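Visitor: mind looking at a prediction? Sequence and model below.
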Amino acid sequence: MADITTPIPTHLVLGFLGAGKTTAILNLLKQKPERESWAVLVNEFGEVGVDGAFLSNHGVAVKEVPGGCMCCVSGLPMQIGLNSLINFSRPDRLFIEPTGLGHPAQVIETLTGEFYRNVIHLAGSVCLVDPRRLEDERVLASRQFHDQVAVADVLVGSKADLCTPDQLAHFEAWASTWQPAKRRIGQISGGEFPLAWLSGDSDGLSSHYPDSHHHRHHRHHSESLTPKPSLTDEPWQHYFNQGDGYNSMGWRAHQDFVFDPLALQSLAGDSGFERFKGVVRTTSGWWMLNAVGGSLTLLDADPAEESRLEIIGSDLDETALDQQLRAALA
């Protein structure tokens, strides 16, 4: 562990699947003072990390922890990622994006425990909530969703530009019912999150755990802790993960595989998926794809050494999806 004389201000960016966490972090990174060094630790539900590629090339150190909740397996995956960032990057500020299906109180226990007590200062943490999802009984019944809202001291309605006035009013009324009261309740559009909202201490954050904080995941982590094969040896790789009522399919493909843009958009637009995201090489160049409930966002991406895709849903057919993605090749 590096010799840290001043604890690193650290922020959790929480939110359920599709709440806009990565987009908000991208906007926060744009507010980085020129002389500061920042770092991001990203946790993903699937075995193939995609969000790290979204966040790379923004002048900050990024470390991925794929394969489920970063604090499971005695906290080993999370500690490895944290130690790497702290020792090699020595950041002035650290952002941690846990998986949208994780239990954040367990992450907080690690960050405030003896090992990191003098290294990390858990500062303001935010939970992003898409107000439209407050109409989804499955989300409202989710223990993970409840835990994320409960431990955050800043509660933000994301994607406000996509919501109706009634949905925004419902969010404000719902957000104000939480106890202890949130330090700030706000709304954002396009992920434009003000860094000032995270300033100050998170009063009592580490002491107000939700009742379920002792819950532990029952997940498969062997893949995430085992180095993946070289794409030179296995140019097309796919992985399956499941837990907490959701499944994920992830792919790594050698850059020699080129996708047909229209076929890929058609597959990504399947409204049955909770998430479809990837950084892929197409005949129209490299793309970033991010789809929530069939609503697709496309952005240009820098060339990479490989394509990565991930699909999350409640019921995924591993064989059929692999065949569909292969059929989307040009």
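Guide: Received it, and whenever you're ready, just let me know what you need.

Visitor: neighbouring contacts of stretch 252-266?
Guide: Here stretch 252-266 makes contact (CB atoms under 8 Å, 6 or more residues apart in numbering) with 48, 228, 231-232, 235-238, 280-284, 287, 289, 296, 298, 303-309, 327-330. For the C-beta atoms, the positions are set from N, CA and C on the backbone; glycine is no exception.

Visitor: do you know the pLDDT at the nearest residue to R184 once chain neighbours are set aside?
Guide: Among residues not flanking R184 along the chain, V154 sits closest, at 4.8 Å (CB to CB, 6 or more residues apart in numbering). For V154, the model assigns a pLDDT of 95.

Visitor: what's the burial count for V154?
Guide: 22 (other CB atoms under 10 Å).

Visitor: name the residues linked to it by a beta bridge.
Guide: When bridges are called by DSSP bridges, V154 pairs up with V126, R184.

Visitor: domain map for the protein?
Guide: According to automatic domain parsing, the chain comprises the domains 8-207, 227-327.

Visitor: residues near E109, how many?
Guide: E109 has 16 neighbours, counted by other CB under 10 Å.

Visitor: tell me the most buried of the domains of the chain?
Guide: domain 8-207 (a mean of 19; mean count of other CB atoms under 10 Å).

Visitor: work out the gap between that domain and the centre of the chain.
Guide: 8 Å (CA atoms, centre = their mean, to the nearest Å).

Visitor: now swap in stretch 238-252 and tell me
Guide: Distance, stretch centre to chain centre, for stretch 238-252: 15 Å (CA atoms, centre = their mean).

Visitor: tell me the mean pLDDT over it?
Guide: What stretch 238-252 shows for mean pLDDT is 83.

Visitor: how long is it from one end to the other?
Guide: Terminal residues of stretch 238-252 are spaced 6 Å apart (CA to CA, to the nearest Å).

Visitor: rank the domains of the chain by pLDDT, which is bottom?
Guide: domain 8-207 (a mean of 84).

Visitor: now stretch 293-311 - C-alpha only, CSV.
Guide: As requested, the backbone C-alpha atoms of stretch 293-311 are provided in CSV (Å, rounded to 0.1, in the frame of the first residue of the first chain):
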residue,chain,number,x,y,z
GLY,A,293,-35.0,-1.1,-22.4
GLY,A,294,-34.5,-0.9,-26.1
SER,A,295,-33.6,2.8,-26.2
LEU,A,296,-30.2,3.0,-27.9
THR,A,297,-27.4,5.6,-27.7
LEU,A,298,-24.6,5.5,-30.2
LEU,A,299,-21.2,7.3,-29.9
ASP,A,300,-18.0,7.2,-31.8
ALA,A,301,-15.2,5.4,-30.0
ASP,A,302,-11.4,5.3,-30.3
PRO,A,303,-10.0,2.2,-32.0
ALA,A,304,-9.3,-0.6,-29.5
GLU,A,305,-7.5,-3.9,-29.5
GLU,A,306,-10.8,-5.8,-29.1
SER,A,307,-14.5,-5.5,-29.2
ARG,A,308,-16.4,-6.0,-25.9
LEU,A,309,-20.2,-6.4,-25.5
GLU,A,310,-22.5,-7.2,-22.6
ILE,A,311,-26.2,-8.0,-22.3
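
Visitor: just the helices in the stretch 101-250 of the chain please.
Guide: Applying DSSP state H, counting those that start in this stretch to the stretch 101-250 of the chain gives helices spanning 104-111, 137-140, 143-151, 165-175, 222-225.

Visitor: R117 is nearest to which of these?
Guide: Of all the helices of the stretch 101-250 of the chain, helix 104-111 sits nearest to R117, with 8.9 Å by CB to CB.

Visitor: tell me the helices and strands packed up against the closest one.
Guide: If you count contacts as 3 or more CB pairs under 8 Å, 6 or more residues apart in numbering; DSSP states H and E, helix 104-111 packs onto strand 8-15, helix 76-89, strand 120-122, helix 143-151.

Visitor: nearest to F193, out of these?
Guide: Going by CB to CB, the one of those nearest F193 is strand 8-15, 8.6 Å.

Visitor: C-terminal to the closest one, what's the next element?
Guide: Where DSSP states H and E defines the elements, the next helix or strand beyond strand 8-15 is helix 21-29.

Visitor: and the angle for that following helix with strand 8-15?
Guide: 140 degrees (axes from the mean of the first three to the mean of the last three CA atoms, to 10 degrees).
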